[in-house]
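In: The following comprises the amino acid sequence and a computationally predicted model.
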Amino acid sequence: MNEKSIDIASKDLWERAKAIFISTLVSEQEKSQAERYFGMISGVTSDGYSFRILTMNSLAADLLQKEYAEKLKSSFILAGADPSVELSFMYDEDSRPPIVTPHPVVSHQLSRMPISTFESTQPLDPNYTFEEFVRGPSNSYAYAAAEACAMSPGKLGYNPLFIHGGTGLGKTHLMQAIGNSIRTKNVSLAVCYLTAETFLNEYINSMKNSTITEFRNKYRSIDVLLIDDVQFLAKGKGVQEEFFNTFNALQQAHKQIVMTSDVAPKNLPLLEDRLISRFEGGMVQEIESPSYETRLAILRKKAEGMNLKIPDSALEFIADNIKSHVRAMEGALGKVSVVISAEPKLILTNEVLSQILKNLIEKEQTLKNLSIEEIQTAVAKKYNVTMAQILSSERTQSIVTPRQLAMFISRKLTTKSLKEIANAFDKKHATILHGVKSITQRLETEIELKNVLDEIVTSFGYKISDTMD
C-alpha cells in the first residue's frame, strides 16, 4: 500500500470515527465544542496501528490530546480500526491550511509598502464551502445573500450581512463559506473569523494588559470580518462600545462584515439600540428548519462524505422522523453508522431503524407535542404560584424565578418560535431572551435551581442535559 492510499484510508477512518464519537455526545453544547476543536485538525495519517492526527498549531495538539485522545479510541475501534490502535495529536506546520493571508499595506501616497501578513483569529474549516452546503427553500435567500457577499465584499445592500436562525441549521457553515470563497478568489484580502465571545475575551485581556491599541489595530485593519454568535456582545457595555467603533471603522472603509445570531437583531436582549440599528442597516436573512426534501439531500451528502453505504430507504426514514435541526440528523446518521460498523450484514428495515433511533425519535415527538401551557402549569405547581402570577408583570423574586424558568424550559424543550413563546407569556421577545439568559447564568452556580429544573424536565421524560445546548 503506497503512502497516498494510506492517507485516503486514514481520512475515511477518521471521518467515520469522528461521526461515531459525536453521535455519542449527549448535549448540543458538547457536540458544538467537539466540532470546533476538530476544526483545528488539518490532516491524518497512519501506519495501521499508530494513528496520527495533525493539527494547525501546537496548542491545538496539546488540547486535543488531553481532551479527546482517550475518548476517541473506542470510536476508532467501532469504525474499523485495530483494537490496539494508538492515537496521537501532532502539530505539523507543513500540513497547516493557509490561514495566513498576504495583506498589502498602502501608504498615503498610494505607493505599495512591503507586504505584511494577517492571521485569522480562529481557523476557517476548509469543509465549509458553498459546494458542500445543501440549498433548500428554508435557506435559499440566506445562501444567495452569502454568495453575493463572497463575490463582491463590501457591496452596498449586503454590508453588513446578518444571518439568524436556530441551532444547527447552517449559519456558521454559510459564514465560513463566504470566508473560504473570498480567500480563494482574492488572497490579498485579510479575512478574519471569530466568535463574539472570543472578541469579548480578547477585549478584556487587552484592557488588562494595556494592549488596547494593538487590539483595535488588529480588527480595524482587516477586509472581511466574520463574527459568530453576536448575542454574546450583550455581556458588557465596554465591549459593545468597542465593537460599535470597530463596526463603524470597517463599514466606513467599505469592508465586509458578516454576523450570525440565534435571533433577529431586533430581538437581541440587552444590546444598545445603536448596535441593533447598525445590524439592521444591511441585509438580514433567516435560516429556517429544513423541509423533508432538504433534510434528505443533507443526509445523502453527509453519508457520502462519511463514506457510509446506507440505503436510500434508511436515509428517507431518518429524514421523515428527525426534523428539529441538522445536528440531530447528523446524530441519527452517526448512530446508524455505529450499528452497521458492528453488523455490516444487518438489513436496515424501518423496524430496525426505529429501535436504533428510539431515543432520538422519542425526543423529536416530545418536542413536537410538549406545550408551553404544560410547562407553565408544571412550574407554577412546583413553586406554589398561580398561572396568573406566571403571566403577570410582578417583579418579586418569588415570581420572577418560576416565570423565567418556564420561559427557559419552553425555549429549550419545544419547537415553538420565539414569537409564539412571547405570546404565550404575554411578553416581548427581549423579555423572553433575558429570562432564558438569566436562568442559564444562574444554573452555573445555583445547585437548588438546577435540582428543580432536573425534577421538572424529568417529569416530561427529559434529562437535564437536554436543556444545556
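Out: Right, received. Where do you want to start?
In: And the pLDDT for the nearest residue to residue 232 once chain neighbours are set aside?
Out: Spatial nearest neighbour of residue 232, excluding adjacent residues (Cβ to Cβ, 6 or more residues apart in numbering): residue 196 at 3.9 Å. Bear in mind the C-beta positions are built from the backbone N, C-alpha and C, glycine included. Looking at residue 196, its pLDDT is 88.
In: okay, now residue 335: neighbour count?
Out: If you count neighbours by other Cβ atoms under 10 Å, residue 335 ends up with 20.
In: That one belongs to a helix?
Out: Yes. Secondary structure assignment places residue 335 in a helix (DSSP: H, G, I helix; E, B strand; the rest coil).
In: can you start the count at 38 instead of 1 from here on
Out: Renumbered: residue one is now 38, and that last one reads residue 372.
In: now it: how far from residue 397?
Out: 7 Å (Cβ to Cβ, to the nearest Å).
In: Can you spell out which helices and strands pack onto the host helix or strand of residue 112?
Out: Residue 112 belongs to helix 95-115 when assigned by DSSP states H and E. With contacts taken as 3 or more Cβ pairs under 8 Å, 6 or more residues apart in numbering; DSSP states H and E, helix 95-115 sits against helix 40-61, helix 65-75, strand 87-92, strand 123-128, helix 363-379.
In: again, only using 10 Å
Out: Helices and strands touching helix 95-115, by 3 or more Cβ pairs under 10 Å, 6 or more residues apart in numbering; DSSP states H and E, are helix 40-61, helix 65-75, strand 78-83, strand 87-92, strand 123-128, helix 363-379.
In: The last one packs against which elements?
Out: To tie it back to what came earlier, the one meant is helix 363-379. helix 40-61, helix 65-75, helix 95-115, helix 329-342, helix 349-358, helix 387-393, helix 395-406.
In: what's the angle from the helix holding residue 112 to strand 78-83?
Out: 50 degrees (axes from the mean of the first three to the mean of the last three Cα atoms, to 10 degrees).
In: before we move on, the earlier item: just checking, the residue nearest to residue 269 touches residue 263?
Out: No. Between residue 233 and residue 263 there is no contact under Cβ atoms under 10 Å: 11.1 Å.
In: Surely residue 264 touches residue 228?
Out: No. If you go by Cβ under 10 Å, residue 264 and residue 228 don't touch, sitting 12.0 Å apart.
In: list residues touching both of the two?
Out: Residues touching both residue 264 and residue 228 by Cβ atoms under 10 Å, 6 or more residues apart in numbering: none at all.
In: Tell me, please, the helix or strand in the protein that averages the lowest pLDDT.
Out: Ranked by mean pLDDT, DSSP states H and E, the weakest helix or strand in the chain is strand 137-140, scoring a mean of 44.
In: Please work out how many residues are found near residue 492.
Out: Neighbourhood size, residue 492 [other Cβ under 10 Å]: 12.
In: ok so it is a strand residue?
Out: No. Membership of residue 492 in a strand is not supported by three-state DSSP, which gives helix.
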